[in-house]
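J.: give the three-dimensional model of this entry:
(one chain, ligands or ions: 4)
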Amino acid sequence: MKRWINCLSLPLCCVLMMPAHPADDPYFISASSWEQPFADQWGLHRIGLAPEKNSLQKLQSRAKHNTVVAVIDTGLDYFHPDFAKDNLWQNSDEVANGVDDDGNGFVDDLIGWNFVESHNNPWDRSGHGTHTAGIVAAAVGNGEGIAGVNPRALIMPLKVINFLGRGNSSHIAEAIFYAVNNGARVINLSLGGEYTTRIEEAAINYAVSRGVVVVVASGNTAEDTSNYGYAKLPSVITVAATDAQDRRAKFSNYGQDINLAAPGMEILSLRARRTDFTGISTPGEYPPGGDFVGETNRYYRASGTSFAAPFVTGVASLLFSAYPELTAEQVTRMLLMSARDIETPGWDQLSGYGLVDAAAALDADPDYYTYARISAITPANKEGALVAEISGVADSSRFKSYTLQVGYGAEPEKWQTIGRKQREGVAQGVLGDIPATVFNRKGEWTVRVVVETRGRGSMEARGTLDIE
Ligand SMILES: [Ca+2]
Ligand SMILES: [Ca+2]
Ligand SMILES: [Ca+2]
Ligand SMILES: [Ca+2]
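T.: Residues are numbered from 1 along each chain as shown. Ligands and ions are numbered 1, 2, ... in the order given. Modelled structure (predicted):
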């Protein structure tokens, strides 16, 4: 089956001039380089790695250990001037001698693998993989270009997508197995497609069973993720895209599978030599070179959930680099529970638990969780009465109680509590029934579950239904 990359191009809007500052990574503090009305690295700033109060330096200095991050994509321009050799994974058990020294099934796999052409050079001829990798691990404080999220990330480039933006599922599965077996702790999959094959699902299950965090892009077709590739798999972290106002990007896929959101509009990162990948997704209307940035054209701006996922990948790897003893489950909890709530209160279908926050994630309690979700509202007949059966999640490591409430309209001013406080959590299942008689007006109603915790406040989630 075919897969493609999750990017698209968007026109720029208006102009805002900001004063230029001298700095180590010039784009980290500059703005309007392509006449956009926001900072050049706005995405990094919005996830808590900002120039103010040296937050980038303070937070990144907590990363003291290397973390291997597999970027399963179009490859990597590992000679880019803003990509340090120290950030490239090296297979220390392999030498260039035509022999598979470490017996892992790949001859001379010194820095990764090219699954498309079956050789050891994962060079990027499209640019998508280099852009993705740059968000995670562009060199920080080197007087050049941009800053990446985690200066201690080691990028393992695994090339599965060709220069036309196409790849196949067996190569992707092989690359996932390779990543897990060769030390990756985080896998970034900024790839899309309509469904997943058995072999890909097996590969992802293997990665998760081995304690690897798998981060995937939710997709750019503005549709429900239940129809969309890896995004719908329960064991991965599915990432939606936001814009510079912390709103969900219009193209970003949504649904029950969304776990987190991250910046994904007009993201500045590294441009691989001789590449211009936006033209692949928007032929005809795209002027060649229209997304190049900088006098040397070595930087590139692009939009898509492809570039939201690597922010989450970067923060996941930053957590491992700060605390290498963490498990994948703990890292996932820290990411979700520390996310900044956006869109409707609590978990929602557009942004999951919210916008990833590097600063809050680093200080999160690895063992704390509170999950609140409404996954379905179904009419049912119980003991002769019509009810709305509410399914979802109401669970916490510090669980106290939960209640179901209803209100009229999309954003109710008043809430009516249904039944009594429930003293037992629900990991996934029926939260309760609401008698149909409660819905005494036509129109949209909102149902919410509110989980009360011991000492950590409350968490809510909402669902809506139409009464005709
Ligand atoms: Ca080998
Ligand atoms: Ca060798
Ligand atoms: Ca740099
Ligand atoms: Ca929300």
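
J.: neighbours around Thr464, how many?
T.: As a burial measure, Thr464 scores 14 neighbours (other CB atoms under 10 Å). Placement of C-beta: from N, CA and C, glycine included.

J.: ramachandran angles for it?
T.: Main-chain dihedrals, Thr464, degrees, to the nearest 10: phi -120, psi 160.

J.: how many residues are close by Arg198?
T.: For Arg198, using other CB under 10 Å, the count is 9.

J.: same question, Thr296
T.: Applying other CB under 10 Å, we find 11 residues neighbouring Thr296.

J.: show the pLDDT at it.
T.: Note for Thr296: predicted pLDDT of 94.

J.: so it: helix, strand or coil?
T.: The three-state label given to Thr296 by DSSP: H, G, I helix; E, B strand; the rest coil is coil.

J.: backbone phi and psi for it, please?
T.: Backbone dihedrals for Thr296, given as degrees, to the nearest 10, come out at phi -90, psi 0.

J.: tell me how far it lies from ligand 4.
T.: As judged by CB to the ion, to the nearest Å, Thr296 and ligand 4 stand 40 Å apart.

J.: show me what contacts that residue?
T.: By CB atoms under 8 Å, 6 or more residues apart in numbering, the contact set of Thr296 is empty.

J.: can you name the residues of the stretch 51-200 of the chain that neighbour ligand 1?
T.: Neighbours of ligand 1 within the stretch 51-200 of the chain, by CB under 5 Å from the ion: Glu94, Asp100, Asp102, Asn104, Phe106, Asp109.

J.: out of those, which comes closest to Asp40?
T.: Of all those, Asp109 has the smallest distance to Asp40: 35.4 Å, by CB to CB.

J.: quick check, pLDDT for the closest one.
T.: According to the prediction, Asp109 has pLDDT 98.

J.: ok, now Gly229?
T.: Per the predicted model, pLDDT is 87 at Gly229.

J.: burial of it, as a residue count?
T.: With other CB under 10 Å as criterion, Gly229 counts 26.

J.: what residues does the chain have near ligand 3?
T.: Contact residues, the chain versus ligand 3 (CB under 5 Å from the ion): Asp25, Asp82, Ala139, Asn142, Glu144, Gly145.

J.: the fifth one touches Phe83, doesn't it?
T.: The reference is to Glu144. No. Contact criterion CB atoms under 8 Å: Glu144 and Phe83 do not qualify, at 9.7 Å.

J.: which of these two has more neighbours?
T.: Of the pair Glu144 and Phe83, Phe83 is the one with more neighbours under other CB under 10 Å, namely 25 against 20.

J.: list the contacts for the more buried one?
T.: Going by CB under 8 Å, 6+ apart, Phe83 touches Leu76, Asp77, Thr130, Ala133, Gly134, Ala137, Ala138, Ala139, Ile155, Leu270.

J.: that older thread, can you redo the residues of the stretch 51-200 of the chain next to ligand 1 as JSON lines with distance to Gly43?
T.: Shown next, in JSON lines, are these (distance: CB to CB, whole Å):
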{"residue": "Glu94", "distance to Gly43": "35"}
{"residue": "Asp100", "distance to Gly43": "40"}
{"residue": "Asp102", "distance to Gly43": "37"}
{"residue": "Asn104", "distance to Gly43": "35"}
{"residue": "Phe106", "distance to Gly43": "34"}
{"residue": "Asp109", "distance to Gly43": "32"}
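
J.: of those residues, just say which sits nearest to ligand 2.
T.: The nearest member of these to ligand 2, counting by CB to the ion, is Glu94 at 4.9 Å.

J.: so the closest one touches Gly103, yeah?
T.: No. Applying CB under 8 Å, one finds Glu94 not in contact with Gly103, separated by 9.9 Å.

J.: who's more crowded, the two?
T.: More crowded of Glu94 and Gly103, by other CB under 10 Å: Glu94, with 21 against 9.

J.: quick one: residues contacting that one.
T.: Neighbour list for Glu94: Asp100, Asp101, Asp102, Asp108, Asp109, Leu110 [criterion: CB under 8 Å, 6+ apart].

J.: could you rerun that using 10 Å?
T.: Neighbour list for Glu94: 100-104, 106-111, 120, 182 [criterion: CB atoms under 10 Å, 6 or more residues apart in numbering].

J.: now for the residues you listed: which two are most distant?
T.: Of all pairs in these, the most separated under CB to CB is Gly103 and Ile111 at 17.9 Å.

J.: ok, now how distant is the residue of the chain positioned farthest from its centre from Thr437?
T.: Of all residues in the chain, Gly384 has its C-alpha farthest from the mean position, at 45.6 Å, by CA atoms, centre = their mean. Relative to Thr437, Gly384 is positioned 13 Å away (CB to CB, to the nearest Å).

J.: three-state assignment of Phe28?
T.: helix.

J.: cool, Leu56 as well?
T.: Three-state call for Leu56 (three-state DSSP): helix.

J.: tell me the contacts of it?
T.: 25, 28-29, 41, 44-45, 48-50, 140-141, 147, 149, 151, 358-359.

J.: just the buried members of the residues you listed?
T.: Burial by neighbour count, judged by 16 or more other CB atoms under 10 Å, picks out 25, 28-29, 41, 44-45, 48-50, 140, 147, 149, 151, 358-359 from the contacts of Leu56.

J.: pull stretch 267-279 out as PDB, backbone CA atoms only.
T.: Taking C-alpha atoms only, stretch 267-279 is exported to PDB below (Å, rounded to 0.1, in the frame of the first residue of the first chain):
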ATOM      1  CA  ILE A 267       7.100  25.800  10.700                       C
ATOM      2  CA  LEU A 268      10.700  26.900  10.000                       C
ATOM      3  CA  SER A 269      13.300  24.100   9.800                       C
ATOM      4  CA  LEU A 270      16.200  22.800   7.800                       C
ATOM      5  CA  ARG A 271      16.100  22.500   4.000                       C
ATOM      6  CA  ALA A 272      17.900  19.500   2.600                       C
ATOM      7  CA  ARG A 273      20.200  20.400  -0.300                       C
ATOM      8  CA  ARG A 274      18.500  20.600  -3.700                       C
ATOM      9  CA  THR A 275      15.000  19.900  -2.300                       C
ATOM     10  CA  ASP A 276      11.600  21.700  -2.400                       C
ATOM     11  CA  PHE A 277       9.000  19.300  -1.200                       C
ATOM     12  CA  THR A 278       6.000  21.600  -1.000                       C
ATOM     13  CA  GLY A 279       5.700  21.300  -4.800                       C
END
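
J.: could you list the contact residues of the stretch 101-250 of the chain toward ligand 2?
T.: Residues of the stretch 101-250 of the chain lying near ligand 2 by CB under 5 Å from the ion: Asp101, Asp108.

J.: where do the strands sit along the stretch 101-250 of the chain?
T.: Listed in chain order, the strands of the stretch 101-250 of the chain (DSSP state E, counting those that start in this stretch) span 113-114, 153-159, 167-168, 186-189, 191-192, 213-217, 237-242.

J.: do the stretch 301-450 of the chain as well
T.: Secondary structure of the stretch 301-450 of the chain (DSSP E, counting those that start in this stretch): strands at 370-382, 385-396, 399-408, 416-422, 426-435, 443-453.
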